[in-house]
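*Asks:* The sequence isn't on hand, but the structure is:
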């Protein structure tokens, strides 16, 4: 049964992606709970700001004159001076979001068949408003519109979820109860589901990184056991609140506090082990290497891990694929 609930927003951007502050919104370095020790953070735009061709500020070398003709319906009130100039430079150099042989500017201004163009322009404006450098904005745009991830199929029939099963957008999150980044990301996703109620479903897939978090598998089994007994939300919240106290003794105590029968819970806890293993295998097959990892309609989500941007992806997909 689907559940709906709300929590406050926190700031996060993981796996080498951004951390967006809601008020001043600077772009900062993030982190993730990696499965492999000493794995280089090679995903996300921010790690490559100093790559060849970028200046010390993260801006690329200018090439030729920039067309600064305003775009009809595009509000740049928060972009002043060099940021507005950068916007015009990027819309003239970035590729069409519809795979056409022309620029984003042309797609927006004259290609009426490209339904993604207005969303792509708004996406770019949002990145620049949040202090993205030219290199970062370019990389994020490319990740969304030029480097389409391969689709993967997940069996979520036994996975706990929030939202309706027939939602237009299906989000699948692989996470670890002892990962601090997953803990920070939790209210972000709950806000998305609340804001996009009826359009989005969020499925929880267990990906305990036992090599780093010894009791994370116990927590995953406890969550699935509670799901079987109708108390997933309550146990889910408690496990994150109590991390890393997730031993068998601990989770049994949490189950009792939630009013669950200890014997039934223990049986469900043992039975859940196979599902945790299944979730792990599905994640590994899909290329999951860290937590949290999010999939958006069966493709790996490559955007900023923040409600603002996830919701922009949702709005675009709903509008384009009516």
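*Replies:* Ah, there it is. The structure displayed is predicted, hence computed values, not measured ones. Numbers count the residues shown, from 1 in each chain.
*Asks:* What segments of the stretch 1-150 of the chain are helices?
*Replies:* 82-93, 104-110, 117-129, 134-145 (DSSP state H, counting those that start in this stretch).
*Asks:* which stretch among those comes nearest residue 267?
*Replies:* The closest of the helices of the stretch 1-150 of the chain to residue 267 is helix 134-145. By CB to CB, the value is 44.5 Å. Yep, even glycine has a C-beta here, placed from its N, CA and C like the rest.
*Asks:* What helices and strands are in contact with the closest one?
*Replies:* Judged by 3 or more CB pairs under 8 Å, 6 or more residues apart in numbering; DSSP states H and E, the packing partners of helix 134-145 are helix 82-93, helix 117-129.
*Asks:* ok, now which residue in this protein is the farthest from the centroid?
*Replies:* Distance from the C-alpha centroid of the chain, by CA atoms, centre = their mean, peaks at residue 263 (37.0 Å).
*Asks:* Assumed it was part of a strand.
*Replies:* No - going by DSSP: H, G, I helix; E, B strand; the rest coil, the assignment for residue 263 is helix, not a strand.
*Asks:* Contacts for the helix or strand harbouring residue 203, please.
*Replies:* Element membership of residue 203, judged by DSSP states H and E, is strand 200-206. Strand 200-206 is contacted by residues 2, 154, 156, 159-165, 167-176, 189, 192-193, 220, 223-224, 236, 275-276, 279-280, 282-283, 314 when judged by CB atoms under 8 Å, 6 or more residues apart in numbering.
*Asks:* Separate out the buried members of those.
*Replies:* Buried subset of these (neighbour count, 16 or more other CB atoms under 10 Å): 154, 156, 159-163, 167-176, 189, 192-193, 220, 223-224, 236, 275-276, 279-280, 282-283, 314.
*Asks:* Name the SS class of residue 288, please.
*Replies:* coil.
*Asks:* For the spatially closest residue to residue 312 that is not a sequence neighbour, the count of nearby residues, please.
*Replies:* Nearest residue to residue 312, sequence neighbours excluded (CB to CB, 6 or more residues apart in numbering): residue 123, at 5.8 Å. Around residue 123 there are 23 other residues, counting by other CB atoms under 10 Å.
*Asks:* ditto for the one 5 residues further on
*Replies:* Counted with other CB under 10 Å, the burial measure for residue 128 works out to 21 neighbours.
*Asks:* any idea how far it is from residue 78?
*Replies:* Computed as CB to CB, to the nearest Å, the residue 128 to residue 78 distance reads 8 Å.
*Asks:* Repeat that for residue 269.
*Replies:* Residue 269 is 51 Å from residue 78, by CB to CB.
*Asks:* the strands in the protein, which residues?
*Replies:* For the chain, the strands defined by DSSP state E cover 18-20, 27-29, 33-34, 161-162, 169-175, 200-206, 290-291, 293-296, 299-300.
*Asks:* Dump these into TSV; add mean pLDDT and distance to residue 69 as well.
*Replies:* As requested, the strands of the chain are exported to TSV (pLDDT from 0 to 100; distance: least, CB to CB, whole Å):
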stretch	mean pLDDT	distance to residue 69
strand 18-20	37	30
strand 27-29	36	28
strand 33-34	88	45
strand 161-162	94	44
strand 169-175	98	35
strand 200-206	97	37
strand 290-291	95	43
strand 293-296	97	34
strand 299-300	95	35
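*Asks:* These: which one's closest to residue 309?
*Replies:* So among the strands of the chain, strand 18-20 is nearest, using CB to CB, at 7.9 Å.
*Asks:* Can you get me a residue count around the nearest residue to residue 298 once chain neighbours are set aside?
*Replies:* Leaving out its chain neighbours, the residue that sits closest to residue 298 by CB to CB, 6+ apart is residue 151, at 4.6 Å. Residue 151 has 11 neighbouring residues, counting by other CB under 10 Å.
*Asks:* Am I right that residue 151 is in contact with residue 295?
*Replies:* No - checked against CB atoms under 8 Å, the pair residue 151 and residue 295 is beyond contact range at 9.3 Å.
*Asks:* how many other residues sit next to residue 311?
*Replies:* By other CB under 10 Å, the residues close to residue 311 number 17.
*Asks:* what sits against it?
*Replies:* Going by CB under 8 Å, 6+ apart, residue 311 touches 192, 195, 196.
*Asks:* and of the residues you listed, the nearest to residue 257?
*Replies:* Nearest to residue 257 among the contacts of residue 311, with distances taken as CB to CB, is residue 192, at 28.8 Å.
*Asks:* wait, that closest one sits on residue 309?
*Replies:* No - Residue 192 is beyond contact range of residue 309, at 9.9 Å (criterion: CB under 8 Å).
*Asks:* Tell me the residues that contact both of these two, please.
*Replies:* Between them, residue 192 and residue 309 share no contacting residue under CB under 8 Å, 6+ apart.
*Asks:* got CSV for the helices of the stretch 1-150 of the chain, with mean pLDDT and distance to residue 213 too?
*Replies:* Listed next are the helices of the stretch 1-150 of the chain as CSV, based on pLDDT from 0 to 100; distance: least, CB to CB, whole Å:
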stretch, mean pLDDT, distance to residue 213
helix 82-93, 97, 40
helix 104-110, 98, 42
helix 117-129, 98, 33
helix 134-145, 96, 28
